[in-house]
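Trainee: this is the structure alone, sequence omitted:
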Ligand code: SF4
Ligand code: MG
């Protein structure tokens, strides 16, 4: 197994008290596999990724439990320097906002090239040639000329391609992409997502795709893990989820995707808001918003029930939900 996250817990100290951002999250990603982590903003999906990437080490966020096994080694137990080395060679991350991840005063080709100079010991001449190749590979037109340009001279979609180029430059085993296309308009979103999926297959990388938009991941994900209030509430192959969700929250997300055949109809929205993570409701955290909620839901927190060998749902009434 490439990446195995086991029972991860992360807390934040806020003025309101302790926010339980991640409450016992477990998931696995194999080489060549794409896992989408889906949820509304504030559900803990980005924090989970940051904990895995080790960019959460500073307060106020704190990992309070769990294991992050990358190629069999628990990153949380390694010394900082070793951890950085393992990660640097094996994992890369893509963020939503390329403009703030790229250095505005350095030409993009030099930012790409620097990775080969630092990590592969190449000369600048070789490294610049590799930068052009990479820009070509992510289909940036006129790469040979544009390699000398600065980030602000590229469109949002092209900048995101540069971020993808940087992520794949050292051929990592795993990429974590946090809302990689959210800032882009719909057509560009699809192109960038297709490119990412294509490279993922070509390099047989594991890909963790974090998104609030179920529509975006439909074609590229193998599995989906749905997060709510810091937990995974449903985990299943993508096909199963589309066929019939086994959790009312997943159903709500599915029903709120705009569909072409329903043009003009009012879009469904899940009522209410996600909970404040310093005051997660007792029992099932989703109960204040759930159309199927009843007494048991307010009293007992549902574990992740085994729906099938490849599927779990944290709903007491998952059968009812599956039956629609
Ligand atoms: Fe809804 Fe109850 Fe299932 Fe929670 S456990 S999702 S409240 S039906
Ligand atoms: Mg986020």
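Mentor: Now that the structure is in, tell me what you want to look at. Note that the structure is a prediction, hence the values are computed from the model and not measured. Ligands and ions are numbered 1, 2, ... in the order given.
Trainee: point out where the stretch 201-324 of the chain drops to low pLDDT.
Mentor: 259-267 (pLDDT under 70).
Trainee: for it, which segments count as strands?
Mentor: Assigned by DSSP state E, counting those that start in this stretch, the strands in the stretch 201-324 of the chain fall at 206-211, 223-228, 231-237, 305-308, 311-313.
Trainee: ok, now which ones touch the residue lying closest to residue 256 once chain neighbours are set aside?
Mentor: Excluding its sequence neighbours, the residue lying closest to residue 256 (CB to CB, 6 or more residues apart in numbering) is residue 268, at 5.1 Å. (Each C-beta comes from the backbone N, C-alpha and C, glycine too.) Neighbouring residues of residue 268 by CB atoms under 8 Å, 6 or more residues apart in numbering: 252, 255-256.
Trainee: make a PyMOL selection of the buried ones in these.
Mentor: The PyMOL command for the buried members of the contacts of residue 268 (criterion: 16 or more other CB atoms under 10 Å) is given here:
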select buried, resi 252
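Trainee: so of the contacts of residue 268, which ones are in helices?
Mentor: Among those, the members found in helices (DSSP state H) are 252, 255.
Trainee: and the contacts of residue 268, which is closest to residue 243?
Mentor: Ranked by distance to residue 243 (CB to CB), the contacts of residue 268 are led by residue 255 at 14.2 Å.
Trainee: how near is the closest residue to that closest one other than its chain neighbours to ligand 1?
Mentor: Using CB to CB, 6+ apart and skipping residues adjacent in sequence, the residue nearest residue 255 is residue 268, 4.2 Å away. As judged by CB to the nearest ligand atom, to the nearest Å, residue 268 and ligand 1 stand 16 Å apart.
Trainee: show me what contacts the closest residue to ligand 1 within the stretch 101-250 of the chain?
Mentor: In the stretch 101-250 of the chain, the residue that lies nearest ligand 1 is residue 248 (4.5 Å; CB to the nearest ligand atom). Residue 248 sits next to 286, 290-292, 315, 317, 321 when contact means CB under 8 Å, 6+ apart.
Trainee: please apply the same query to residue 318.
Mentor: Residue 318 neighbours (CB under 8 Å, 6+ apart): 246-247, 305, 307.
Trainee: residues contacting residue 94?
Mentor: 160, 163-164, 167, 175-178, 180, 196.
Trainee: out of these, which is most surrounded?
Mentor: The most crowded member of the contacts of residue 94, judged by other CB atoms under 10 Å, is residue 160 (31 neighbours).
Trainee: and that residue, its phi and psi?
Mentor: When read as degrees, to the nearest 10, the backbone of residue 160 gives phi -70, psi -30.
Trainee: hmm, it is touching residue 98, no?
Mentor: Yes. Between residue 160 and residue 98 there is a contact under CB atoms under 8 Å: 5.3 Å.
Trainee: residue numbers of the chain in contact with ligand 1?
Mentor: 247-248, 284, 286-287, 290, 292-293, 297, 302, 315-317 (CB under 6 Å from any ligand atom).
Trainee: repeat the analysis, applying 8 Å as the threshold.
Mentor: Listed as neighbours of ligand 1 in the chain under the rule CB under 8 Å from any ligand atom: 233, 247-249, 283-287, 290-294, 296-298, 302, 314-318, 320-321.
Trainee: of those, keep whichever come out buried.
Mentor: Looks like those have 233, 247-249, 283-287, 290, 292-293, 297, 302, 314-318, 321 buried, using 16+ other CB under 10 Å.
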